[in-house]
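J.: Requesting a structural model of the entry that follows:
(2 chains)
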Number of protein chains: 2
Amino acid sequence: MNGADSLCDTLLANDVDVCFANPGTSEMHFVAALDRKPRMRCVLGLFEGVVTGAADGYARMADKPAATLLHLGPGLGNGLANLHNAKRARTPMVNVVGDHATYHVQYDAPLTSDVEGVARPMSHWVRRTQAASDLAADAAEAVRVARQAPGNIATLILPADAAWGELPADTPAPPVARLDAPPQTTQDAVRAAAQAIRAGQGVALMLGGMALREPALAVAGRIARATGVRLLSPTSNRRTERGINRTPVTRVPYPVDQAVALLKDVRQLILVGASAPVAFFAYPGKPSLLAPQEQAPIVLATAEQDLLQALQWLADELGIAAGAPGLLPVAAPADMPRSGALTGAAVNIITARLLPENAIVCDESVTQGREFPLISATSAPHDWLQLTGGAIGIGLPLAAGAAVACPDRKVITLQADGSGMYTVQALWTQAREQLDCLTIILANRSYATLHGEMKNVGVQEPGRNAKRMLDLQEPSLDWVSLAAGMGVEAVRVDSVEAFTKAMQAGLARKGPYLIEALI
Amino acid sequence: MNGADSLCDTLLANDVDVCFANPGTSEMHFVAALDRKPRMRCVLGLFEGVVTGAADGYARMADKPAATLLHLGPGLGNGLANLHNAKRARTPMVNVVGDHATYHVQYDAPLTSDVEGVARPMSHWVRRTQAASDLAADAAEAVRVARQAPGNIATLILPADAAWGELPADTPAPPVARLDAPPQTTQDAVRAAAQAIRAGQGVALMLGGMALREPALAVAGRIARATGVRLLSPTSNRRTERGINRTPVTRVPYPVDQAVALLKDVRQLILVGASAPVAFFAYPGKPSLLAPQEQAPIVLATAEQDLLQALQWLADELGIAAGAPGLLPVAAPADMPRSGALTGAAVNIITARLLPENAIVCDESVTQGREFPLISATSAPHDWLQLTGGAIGIGLPLAAGAAVACPDRKVITLQADGSGMYTVQALWTQAREQLDCLTIILANRSYATLHGEMKNVGVQEPGRNAKRMLDLQEPSLDWVSLAAGMGVEAVRVDSVEAFTKAMQAGLARKGPYLIEALI
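T.: So this is what the prediction gives:
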């Protein structure tokens, strides 16, 4: 038994039994140890952004962390963008990053870098294990930190000699981390929120994190129905339970002007595991803070606290019975388009209407999918996973991870073509693991967001340099070939009829399938 | 005129006229400014690792920096692995990383991160511009630092409001950075080296950086021929000028045992812009330092100094005339294989024999290409660019950048399949720019290095978990489809005859072409 065995055993003892991996030489003892633990499911990604994005998708659905296995500073660097997204989602994750043997670092071999420095910006917790005998305690602590509500990115740096260091035969059983329940909010906070609701017009509950799951949403729905408060959510969320017979929540739109318009009558925000809404980017002459600023927001509960409990207390304080009606009206479903050239809007409507019960929707549709959440309020109940940190390239890996967590649920990815390219290698993992992932590529063949932003900065007619930085043409990407190159069957469609047929075919089968929707 | 214009003008005034870019919203004013400067060649990469890898390849061949355009912390994160390689190569590079407007950072919008923290591990110099009026001076300083011998990674963080800030009409012309010539070594160092050469057996010159270019190599060859010193180079180098009628240099092999065997008779190392050789990774019971340690190395010149001058002074000190013979014997070229199943060795030999005059070889062949440098000593004169930092995923981008720098030269990439996947998006840039890149995928369908390393850690028969982390099968990658998906014509071959034919076809044409060599 060596340090790597101890690490694996501790992860397993703490219910971490999936490892998304992209190993290298310095992790070979860890790989050998994983090889001795068939209970650990090891899922290879051909690029580290796939690994961290998949670990994010897994944990969002499993509500527990996966481990990742990454190779020194550069391997971690490749995973940073999706770690950033996971950090913003407050997804629990345990990263194991191999590094040189402790005594080898001084020689500054080519792969030497400041691993802690790379880890820190996108981790909540970073520790470098010193020796094999520390690995059990360090790994248990990493899992504990990762699972602390609302979830944290824990990065454990594993020197090669800590992995290969031998441990005595009488090494104790791996420690199991104590998981503390999230703290509760205060009665003062509950009373302040109730008072504002009773007193005011223009009160809105801003729901984030676990407040967007069904139990909390049901309570929020009763409060809204009884009092008339509006229910809002941040633009991007880790996981929202949505669809017919669930409490609909109005999401703050991404474009600043639309967000300001939506929020203009909000006089009092009550925060439930969310922050006051801010603009995704700053623009000259536009506000950073999107809601009116006359009243400071009331914090009913922070993301670290028990949000369901806080909402229940608020309902109690307002005298709303547990059996009170909670369902709120939603717009009637959009008419299903029947024929014609394919558009982004048609893709959204058809997808929303055909969505199977209990589907998981991974949404990196960017510009083309902005209507999807509006249209899908009346879809079959589903989970909706979003790009939380704005670092594009999460959709395909997120879907892979969600499918690993939920093998019996259909995972549907709305994927913009530009952002899909950043971690396109995830298709291979979907094929390798035969994951039930149906990918819809919204192929507009440009960075459409940026075309809009160019207009925002006053460029009406982009010249050659700008066009060549914003268009994905010359040559056009051929997603059917890309998918085939990684073992995923795919079809290209450009009409409503063909897309509908392809969706039906994709939904009828099990396993990865890709539809390139030319819009 | 705004800050972004000032930045572009300063880059152009300092002879930085290529920008590898992957822009986002916060860089729109910079993109708009680039659009007003048709002299700047903007090259889009669909992933940031392509951008930084291409900037590395460009600068290795152009001997001046390109700019990169990256999008906040996560975009920079995606570029870190190839920045690590470039930092290890001491390639000059100017990264422009967009960030939120200065006043927007406090609101912690979703894409906010510690950009300096992400930049620092892989940069020699990091600065955050404070205002539009600082951009000219900051950009000129970034170029100056980047170009300081032997080359540096300079990262300039560009807040959006510094880019969009207006500048007065009487803003002075952009500053031109003064480039200092590299300092010269000391006469003491030259005398110490000469004395060791005169006195000793087992003396070796370890040549790095600019000492691996033709002028310095010619001097080193005369010294070796006159004195019998051995000429060595590090395992991985930025750019080596090689081939027939050039001074051959023995590269320290990657495997530790082979390196130790090669170096066992070295009694005195003389360092010329290189470090004493260290093992790439540590292994239990194997040394970190590869050469015998009885004598401390003599530093003839550091990487920061003028290496050609140092070698010339050394030759003078040793009384070697400028016209003295310098050519050293090399092994006769290997026989050209004529038929049979394709092997890595056959690919190496055929490629070396068919190499056209003045080709640029980008080498990320990893296990399968280790013989190439031995075989190609008698190839037509060529430049050989290597993976310097061990962060795999550089070959395809490096080739793209080298081809942008040298449009009249054939760029041939020896690319392992596993590492090729990390930045596979570079094929699209090769197609978009119609770069003269011939890519050979050495498709062994596994992480062959790691299979070897597993044996090194004592696992003779890997189990399911290990196999699934080390093999690239189930499904196999189909590189012909991957290339087609990005607009690059490709062919798959598995015999010597077919590979030879494909090479001849690829060499006869201009523009990107890919050969998947099943070995």
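
J.: Only the buried residues of the least confident helix or strand in chain A by mean pLDDT, if you could.
T.: Across the helices and strands of chain A, mean pLDDT, DSSP states H and E gives its lowest value to helix A:448-456, namely a mean of 87. Neighbour-count burial for helix A:448-456 flags A:448-451, A:453-454, A:456 (criterion: 16 or more other C-beta atoms under 10 Å in any protein chain shown). Using the backbone N, CA and C atoms, a C-beta is placed for each residue, glycine as well.

J.: Which secondary structure elements does it sit against?
T.: Helix A:448-456 is packed against helix A:464-470, helix B:28-35, with contacts defined by 3 or more C-beta pairs under 8 Å, 6 or more residues apart in numbering or on different chains; DSSP states H and E.

J.: among these, which is the most enclosed?
T.: Sort the helices and strands packed on helix A:448-456 by mean neighbour count, taking mean count of other C-beta atoms under 10 Å in any protein chain shown, and helix B:28-35 sits at the top with a mean of 26.

J.: Mind checking what helix or strand follows that one in sequence?
T.: Once the chain leaves helix B:28-35, the next helix or strand it forms, by DSSP states H and E, is strand B:41-44.

J.: Run the chain-centre distance for stretch A:199-214.
T.: Remark: stretch A:199-214 is offset 20 Å from the chain centroid, using C-alpha atoms, centre = their mean, to the nearest Å.

J.: my bad, should have said stretch A:479-486
T.: Distance, centroid of stretch A:479-486 to centroid of chain: 25 Å (C-alpha atoms, centre = their mean).

J.: now check it, is it near chain B?
T.: Yes - Stretch A:479-486 lies within reach of chain B by C-beta under 8 Å from any C-beta of the partner chain, at A:479-486.

J.: now stretch A:159-167
T.: Yes - Stretch A:159-167 is in contact with chain B by C-beta under 8 Å from any C-beta, via A:160-161, A:164.

J.: got the end-to-end distance for that stretch?
T.: 15 Å (C-alpha to C-alpha, to the nearest Å).

J.: ok, and what's touching it?
T.: If you take C-beta atoms under 8 Å, 6 or more residues apart in numbering or on different chains as the criterion, stretch A:159-167 is touched by A:1-7, A:26-27, A:29-30, A:33, A:98-104, A:128-135, B:281-282, B:284, B:457.

J.: if you set the cut-off to 6 Å instead, what comes out?
T.: By C-beta atoms under 6 Å, 6 or more residues apart in numbering or on different chains, the residues outside stretch A:159-167 that reach it are A:1-4, A:6, A:26, A:29-30, A:99, A:101-102, A:129, A:131-132, B:284.

J.: which one among the buried residues of helix A:448-456 gets closest to chain B?
T.: Chain B has its nearest neighbour among those in A:Glu453, at 4.6 Å by C-beta to the nearest C-beta.

J.: where's that closest one relative to A:Asp316, distance?
T.: From A:Glu453 across to A:Asp316, the span is 46 Å (C-beta to C-beta, to the nearest Å).

J.: Could you do A:Ala448 as well?
T.: 47 Å.

J.: May I see the buried residues of stretch A:504-516?
T.: Across stretch A:504-516, burial judged by 16+ other C-beta under 10 Å covers A:506-507, A:511-516.

J.: buried ones in stretch A:498-505?
T.: Those would be A:498-500, A:502-503, for stretch A:498-505 by 16+ other C-beta under 10 Å.

J.: One more: stretch A:389-408?
T.: For stretch A:389-408, using 16+ other C-beta under 10 Å, the buried residues are A:389-406.

J.: How far does it stretch from one end to the other?
T.: 28 Å.

J.: Show me where the stretch 251-400 of chain A has its strands.
T.: A:268-272, A:298-301, A:359-364, A:382-386 (DSSP state E, counting those that start in this stretch).

J.: strand partners of the third one, parallel vs antiparallel please.
T.: In the sheet containing strand A:359-364, the strands it pairs with under DSSP bridges are strand A:382-386 (parallel), strand A:411-416 (parallel).

J.: got it, and the first one?
T.: Partners of strand A:268-272 in the sheet, by DSSP bridges, are strand A:203-207 (parallel), strand A:298-301 (parallel).

J.: Which residues does that strand contact?
T.: A:193, A:196, A:200, A:203-207, A:211, A:276, A:291, A:295, A:297-301, A:307.

J.: Deepest in the core, which of the strands paired with strand A:359-364 is it.
T.: strand A:411-416 (a mean of 28).

J.: Whatever helix or strand comes next after it packs against which elements?
T.: The element immediately downstream of strand A:411-416 (helix or strand, assigned by DSSP H and E) is helix A:417-420. Using 3 or more C-beta pairs under 6 Å, 6 or more residues apart in numbering or on different chains; DSSP states H and E, no helix or strand is in contact with helix A:417-420.

J.: buried sites along helix A:417-420?
T.: In helix A:417-420, counting by 16+ other C-beta under 10 Å, buried: A:417-420.

J.: Specify which member of those is nearest to A:Arg60.
T.: Nearest to A:Arg60 out of these is A:Ser419 (C-beta to C-beta; 18.0 Å).
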